[in-house]
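Engineer: Fold the following.
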Amino acid sequence: MAYIISLFILVFLTVVFGFYFAKNPEKSRRFAKKIFAGNIALFIAIMVFALISLVPTTTYAASDNPSTPVVDTTDNTGLGLIGAALATGLAAVGAGVGVGMVGAASVGAISEKPELLGKTLIYVGLAEGIAIYGLIVTIMILGRI
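Structural biologist: Below you'll find the model as predicted:
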């Protein structure tokens, strides 16, 4: 629960700093790299804490031989959900980058030759397909949980 609250605070602070630096562009040039690096470091620390807290623990059950550890075999639903979220999120980010690059290039090409519209839409669709693959992987992961 603590890492969920930490991630919420991280997202909230990112939005607040985004609005602050949008209003003060001269300060954003100086502090953008430092804040971005700090944001990434804090996110990685929170995710490491989340992954460590999801690892099954070793417990000692009441048995005839007390020196034999019994591994807690609870299901790792949390790790499956993190994997599904990463599959969707990273695929969406990759598709966004791809569509941004292809879309910008296709607008330039269409402005010079309007007959290229059909061909450029195919390339934009191929870049969007990455997000669909991420959703398919997420559905497959959630089907196994």
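Engineer: residues near Ile9, how many?
Structural biologist: 12 (other Cβ atoms under 10 Å). In short, each C-beta sits where N, CA and C put it, glycine included.
Engineer: what's the helix or strand for it?
Structural biologist: helix 2-23 (DSSP states H and E).
Engineer: hmm, who's touching that helix?
Structural biologist: 27-28, 31-32, 35, 39, 42-43, 46-47, 49-50, 53 (Cβ atoms under 8 Å, 6 or more residues apart in numbering).
Engineer: again, only this time at 10 Å
Structural biologist: 27-32, 35-36, 38-39, 42-43, 45-54 (Cβ atoms under 10 Å, 6 or more residues apart in numbering).
Engineer: what's the answer for stretch 136-145, then?
Structural biologist: With Cβ under 10 Å, 6+ apart, stretch 136-145 has contacts from 75-89, 91.
Engineer: pull the CA atoms of it into PDB?
Structural biologist: The C-alpha trace of stretch 136-145 is given here as PDB (Å, rounded to 0.1, in the frame of the first residue of the first chain):
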ATOM      1  CA  ILE A 136      -2.800  -8.600 -26.700                       C
ATOM      2  CA  VAL A 137       0.100  -9.500 -24.500                       C
ATOM      3  CA  THR A 138      -1.700  -7.900 -21.500                       C
ATOM      4  CA  ILE A 139      -4.900  -9.900 -22.200                       C
ATOM      5  CA  MET A 140      -2.800 -13.100 -22.400                       C
ATOM      6  CA  ILE A 141      -1.100 -12.300 -19.100                       C
ATOM      7  CA  LEU A 142      -4.400 -11.500 -17.400                       C
ATOM      8  CA  GLY A 143      -5.900 -14.700 -18.700                       C
ATOM      9  CA  ARG A 144      -3.200 -16.700 -16.800                       C
ATOM     10  CA  ILE A 145      -3.700 -14.900 -13.500                       C
END
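Engineer: if I look at Lys49, how far off is Tyr20?
Structural biologist: Slight slip there: residue 49 is Phe, not Lys. 27 Å (Cβ to Cβ, to the nearest Å).
Engineer: swap in Ile40?
Structural biologist: Taken as Cβ to Cβ, the span from Ile40 to Tyr20 is 19 Å.
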